[in-house]
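K.L.:
What follows is a predicted structure for the sequence shown.
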Number of protein chains: 2
Amino acid sequence: MPQTTATPEAHETASRDLEPMFAPRSIAVVGASRRPGSVGYAVMRNLIYGGYTGVVYPVNPKAKSILSLRCVRDLQSIDDEVDLGVIVTPAPTIEGLVCQGADHGIKHFVIISAGFKEVGGEGVRREKSLKALAEERGLSLVGPNCLGIINTSPEIQMNATFATHMPRKGTLGLISQSGALCTAVLDYAQGRGIGFSRFVSFGNKIDVTEIDLLRSLAHDPQTRVILMYVEDISGGQPFIDACHEITRGDNPKPILAIKTGRTSEGAAAAASHTGSLAGSDEVYDAVFSQAGVIRVESVGELFDYAEVFVDPVLPAGRGTAIVTNAGGPGIMATDACIRYGLKIARFQDYTTKSLRFQMPSTGSWKNPVDVIGDAKHDRYRAALDAVTADENVHQIAVIVTPQMMTDVENIAQVIAETKGFCNKPIIGVLMGQVDMLPAVSVLQQHGVPTFTFPEDAMRALSAKARFAEWARRPISKYRRFDVDDQAVETLFAGELKEGRNQLVELQALEAMRHYGFPTVPYALAKTADEAVRVAGEVGYPVVMKISGPKILHKTDVGGVRLNLSSGEDVHEAFEGMIASVMKHMGDEVEIWGVLIQKMMEKGKEIILGMTRDPRFGSLLMFGLGGIYTEALRDVAFRLAPIRENVAAEMVKDIRSYRLLEGVRGEPPSDMKAVAECLLRLSQLVTDHPGIQELDINPLIVYPRGKGAVVADARIILKES
Amino acid sequence: MPQTTATPEAHETASRDLEPMFAPRSIAVVGASRRPGSVGYAVMRNLIYGGYTGVVYPVNPKAKSILSLRCVRDLQSIDDEVDLGVIVTPAPTIEGLVCQGADHGIKHFVIISAGFKEVGGEGVRREKSLKALAEERGLSLVGPNCLGIINTSPEIQMNATFATHMPRKGTLGLISQSGALCTAVLDYAQGRGIGFSRFVSFGNKIDVTEIDLLRSLAHDPQTRVILMYVEDISGGQPFIDACHEITRGDNPKPILAIKTGRTSEGAAAAASHTGSLAGSDEVYDAVFSQAGVIRVESVGELFDYAEVFVDPVLPAGRGTAIVTNAGGPGIMATDACIRYGLKIARFQDYTTKSLRFQMPSTGSWKNPVDVIGDAKHDRYRAALDAVTADENVHQIAVIVTPQMMTDVENIAQVIAETKGFCNKPIIGVLMGQVDMLPAVSVLQQHGVPTFTFPEDAMRALSAKARFAEWARRPISKYRRFDVDDQAVETLFAGELKEGRNQLVELQALEAMRHYGFPTVPYALAKTADEAVRVAGEVGYPVVMKISGPKILHKTDVGGVRLNLSSGEDVHEAFEGMIASVMKHMGDEVEIWGVLIQKMMEKGKEIILGMTRDPRFGSLLMFGLGGIYTEALRDVAFRLAPIRENVAAEMVKDIRSYRLLEGVRGEPPSDMKAVAECLLRLSQLVTDHPGIQELDINPLIVYPRGKGAVVADARIILKES
């Protein structure tokens, strides 16, 4: 019987302690320079003028001092423990310098210099060698080819970058694979008044990866929201596990990610359905979804979302109240609310009565609440008092358009005060720019997210509501079924020993059966008489298929017969089939016998599959059979192993899901049975890394309560 | 035989001359006031301080002067011709004042006052009455319940609104159903430096509609791009025709629209598939698509698009070059380029050689061109010279990130100069805010669109490329087939006379046949012997269906038999069917006979349909049959009549279109035959407005060249 066990996370990765890197007591800057405009000068300037609270040692054999700091000739000459080495010298010198630093006891380095993998040729060799050095000596190394790192915490105040802006202090932690994006973001953030806790450009990430940095930001009390720009991620399951931990639990931190760059490496040389359908971008979507990471499309969207996430109050649901002084924008907000999956809250009677009493007769006391163009702050206050108290309201958007009599600053004050006592997200949509500036600054001072137009506001609120649901729901377990993994191991080993890596149907079904999948009743018959006996056991009508180690294309050699209803037919079919196969493939062909299967009743045909993605590992696929998968590419992916709830979600993820719910009077399909098959598949491919690809095609699914049955399967093993 | 004729537009609407309204020589402001803060004061202030070049007559019986202008007691007292009356007095006074004005010869009015339909009750009555007055007296009336109108043309300089901002002069014409949105946009535009040609808040549009305003903006030489905010539109085909004219031809003007507000009025009481599937928002999508209107989702997006459309240069294709000084943003731009349907241009050999020669070795001379972080303006110039000369490049995005040595202002100058000589759209993506300000202002001075991040830039460029394709392609005709419309008219009249508005299959097929649809061979047999003869004529196997005016549910009364292969079977079936129907429905039931149809070969089943939308008129629908239409709601809509190319587009519009192209080795379906059926359907429902709803279900489609066949149809007539 299946067991539900609270096993520890399947892929636990040890968390690296990067605190000495982000809170060093002393920093050596190798390649520090007196020359303004050079990177070695910029780093020194940022550290000194940025108010770094520790000691800086500029390493420069030629200069006496830089920015009044006495230089040291080399790392060995520093008569102090150094926590962090920042290196900006040309690429060919780096390995030697890191070596020297390690000899001097430095464990953490930021390598800003470029000239590694990104330039190809010699650079690739250099990068490999540096990576090996870091591993060998147990060093932590950020970069190379990056902008550097920043920690705005008052105890540290470290800006170890060559950026031209020092970001202001805030609660956003940003990590980025692109240094140029960092410079652009710092400039943009300065203009928009956005503050950061930590800021890391990690470049070629030969050692410290985004996963290490995510775990480190998770432990930083200053960081409330994590922003990430990546072009690739460094592993599937470890990434999922790290993000899952960060975004769940008592103190969940949202992770907002931009992922760019499409690659087809994942789809290379795929022999299975699953393999050929798994484009890299769909895989990233699957990984982010399992990880609880919110994927955004642009930098603008990233900071729109950050605006609402900085406020730690999470909404209890999707019910949204809109208070507006203009009808048109109220409609825009309502549309956007629905488009992005929020709900227009249905007010309680008391709220409606209260609003009807206090609003002018031409206003609206339904949601959206229209306080009318001549509303001043007092009417906004009355409306906000009423809607914030309503239990059906989980978040509030307050729209202000600059009408002639609108006292925008006072209204902003009312919104800020409402936020003070109300434990629900509240945002201001201040429609305009010039006239709205004083109001914007009031809201910013009080930490109320502000937007110029309703659509961006609603999209961001919706992301927060969905994150709240993610953070709130019970943590689902990895379910382990009681299976015969040893039998499967033996089966695979036997095949590989015979030089076969593509399993024929019989063996694939055997493997499925050992893992508790419901399979079509079947048995192998070696003689015509045995065939008749077996057919009687599995039950008529039956299907007969030739079985032999080399017979892959059974139909072509007359090796398949369908819908046989009597012993006589079976007997005759057996003889005929053997003769036909031998005629086509020669008398010497190895025949194990004939596979007799019960011919299954019609049901919905589904495909389950797995392919090994070179970057992420075991990728599970689910889709409806036939045209839905092949022509419409309507499939869902997840990385194995999957938690119990993930299997259920995956089924709902396809566009054609409604067909499984039952249309045109059909009963709904047995989704629970499908989800269980997905979990068993997840266990099978996780237990047996030797499986390269696998397709269950079709899995026949019956109406709810009637189960599902594996009708055919293929398994391809890694060649040993 | 079908004919292709160049008939004039099916629904030509007369264009109203609104020029006296936008360029009046004199304006009377009824309700002008001395009191700052009042609407009557604000309108006066905006006219006078805005520099209106004509004469203003403040109408106020109590005040002597307003802003130094001598007041007149009432409209009759003005001893001058008045071109425009602007009225701001309370709603109950309006009708009388308009009447007075009309008596005095005023033909154009802007009614700013609220208190009409939007307040319900008495307001609704007031609005109807005012509308009737305008029609009766031949007046043009903007409003009521609006902000007013603006024309920034130097010869006029009229700001007849109560807004607090006078927009700067520019080439955007904006019309909006929401006054509050206008105030917000004016404030926002002021901050972002956006200029307008004309600006119209049209409120409740009881007389002048968005269609009149669109035509008027089309004729305004100052207006280059039209922006529109609507909550509903005032008619389907007239809107499509107006927009089609504006967005095509020698001087096409793009129309960018925000449409908000969802309503279900269209779906009310629909008895057909088509009717029940036509949600109002899908219909708007269809209308906008036929009209060539670009629908946007938010005000931010609206102005992003406006930014690129203000530059009148249209691209010759989708090939896009990206020049960047940073890899990450280059990847972001590439992703966005592909996501929004643009293409990364493949450079000609000469371009690549030129770039290879001039770019540093660590750069990239492929597209995106990476000029590397240390690039100054000279390297940008070399790269831009090379890519702009390339024939495969149709538009160029130049990305600048603020690196230490980046001379942003000089680079902006280079971009501006490149725009001067290059007849391709070119935009600047200046990533940042503070450091980028000088560069932004250089580009703005030279009319180069600027963006902060690549995604918004690419989305806007893509909209422009698609608009260019729309504007360029040949104008498709309305095709007219030679049909027997008189026979259909007679058929419908006969049915209605008998009190029947729901046509049985036989009659629906007759109507189809008169309009040249390919139908299943069929004939009505009145006796068993005749049935056998007819079956021989249409060809075996046949289907038999009982036919009679009241027999709608044929299967339930034993009135359908399938797959009959011999005369004997047909004879027997006929007798049995008549007996069964009489048994179920009584001996008195009227039976016309039995419909004998050839049983068609299997093909793809398709649904064509039409429903009359209360707002838009004849709405055509196309979809695949069965679950695709019913469960997946994968259908396309267009308003009839449709042009030839629209029929072809409509077929490609559904998500499952690939299934018609042929999957799993199937041949492609005969899409040409389907398109022709859509055109015939368009003609049928346009010729016969008495058709309320129509479903052709299924239309069986065969492989390319093999045609399509109407297998069943139903027609519901409007009850007379």
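P.N.:
Received the coordinates, thanks.
K.L.:
how is chain A carved up into domains?
P.N.:
Domain ranges of chain A: A:19-262+A:290-308, A:311-472, A:521-598, A:604-717, per automatic domain parsing.
K.L.:
nearest to B:Ile78, of the ones you listed?
P.N.:
Between B:Ile78 and the domains of chain A, the shortest gap by C-beta to C-beta is with domain A:311-472, which sits at 27.3 Å. Where C-beta positions appear, they are placed from N, C-alpha and C, glycine not excepted.
K.L.:
quick revisit: I'd like the domains of chain A as CSV, with distance to B:Ser26 appended.
P.N.:
Supplementary listing: these in CSV, determined by distance: least, C-beta to C-beta, whole Å:
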stretch, distance to B:Ser26
domain A:19-262+A:290-308, 47
domain A:311-472, 26
domain A:521-598, 89
domain A:604-717, 61
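K.L.:
Tell me which of the ones you listed lies nearest to B:Thr450.
P.N.:
Per C-beta to C-beta, nearest to B:Thr450 of the domains of chain A: domain A:19-262+A:290-308, 13.5 Å.
K.L.:
And the closest one, end to end?
P.N.:
Terminal residues of domain A:19-262+A:290-308 are spaced 28 Å apart (C-alpha to C-alpha, to the nearest Å).
K.L.:
roughly how far out does that domain sit from the chain middle?
P.N.:
23 Å (C-alpha atoms, centre = their mean, to the nearest Å).
K.L.:
touching chain B at all, that domain?
P.N.:
Yes: using C-beta under 8 Å from any C-beta of the partner chain, domain A:19-262+A:290-308 reaches chain B at A:37, A:39, A:42, A:114, A:118-119, A:162, A:164-165, A:176-181, A:183-184, A:186-188, A:190-192, A:229, A:231, A:258, A:260-262, A:297-300.
K.L.:
what mean pLDDT would you report for that domain?
P.N.:
For domain A:19-262+A:290-308, mean pLDDT is 93.
K.L.:
before we move on, back to that, show me the residues of domain A:19-262+A:290-308 next to chain B that map onto strands.
P.N.:
Assigned to strands by DSSP state E, the following of those qualify: A:Ser176, A:Tyr229, A:Ile258.
K.L.:
Which strand residues bridge the first one?
P.N.:
Just to be clear, that refers to A:Ser176. Judged by DSSP bridges, the bridge partners of A:Ser176 are A:Ser201, A:Tyr229.
K.L.:
For it, list the residues it contacts.
P.N.:
A:Cys182, A:Val185, A:Val200, A:Ser201, A:Phe202, A:Met228, A:Tyr229, A:Val230, B:Gly328 (C-beta atoms under 8 Å, 6 or more residues apart in numbering or on different chains).
K.L.:
Try it again at 10 Å.
P.N.:
A:146-147, A:182-185, A:199-203, A:210, A:213, A:227-231, A:258, B:328 (C-beta atoms under 10 Å, 6 or more residues apart in numbering or on different chains).
K.L.:
my guess is A:Ala257 meets A:Glu301, correct?
P.N.:
No: the criterion here is C-beta atoms under 10 Å, and A:Ala257 misses it with A:Glu301 at 11.1 Å.
K.L.:
Can you pull the residues that touch both of these two?
P.N.:
A:Ile294, A:Arg295.
K.L.:
Okay, and A:Arg714 sits in which element?
P.N.:
strand A:713-717 (DSSP states H and E).
K.L.:
what phi and what psi does the backbone show at A:Asp587?
P.N.:
Per-residue torsions, A:Asp587: phi -70, psi -20 (degrees, to the nearest 10).
K.L.:
Give me the pLDDT for it.
P.N.:
With respect to pLDDT, A:Asp587 has a value of 86.
K.L.:
what does the one 4 residues further on give?
P.N.:
pLDDT, A:Ile591: 91.
K.L.:
Which residue comes closest to it once chain neighbours are left out?
P.N.:
A:Gly548 (4.5 Å; C-beta to C-beta, 6 or more residues apart in numbering or on different chains).
K.L.:
do the same with A:Phe616
P.N.:
Nearest one to A:Phe616, counting by C-beta to C-beta, 6+ apart, is A:Gly236 at 3.2 Å.
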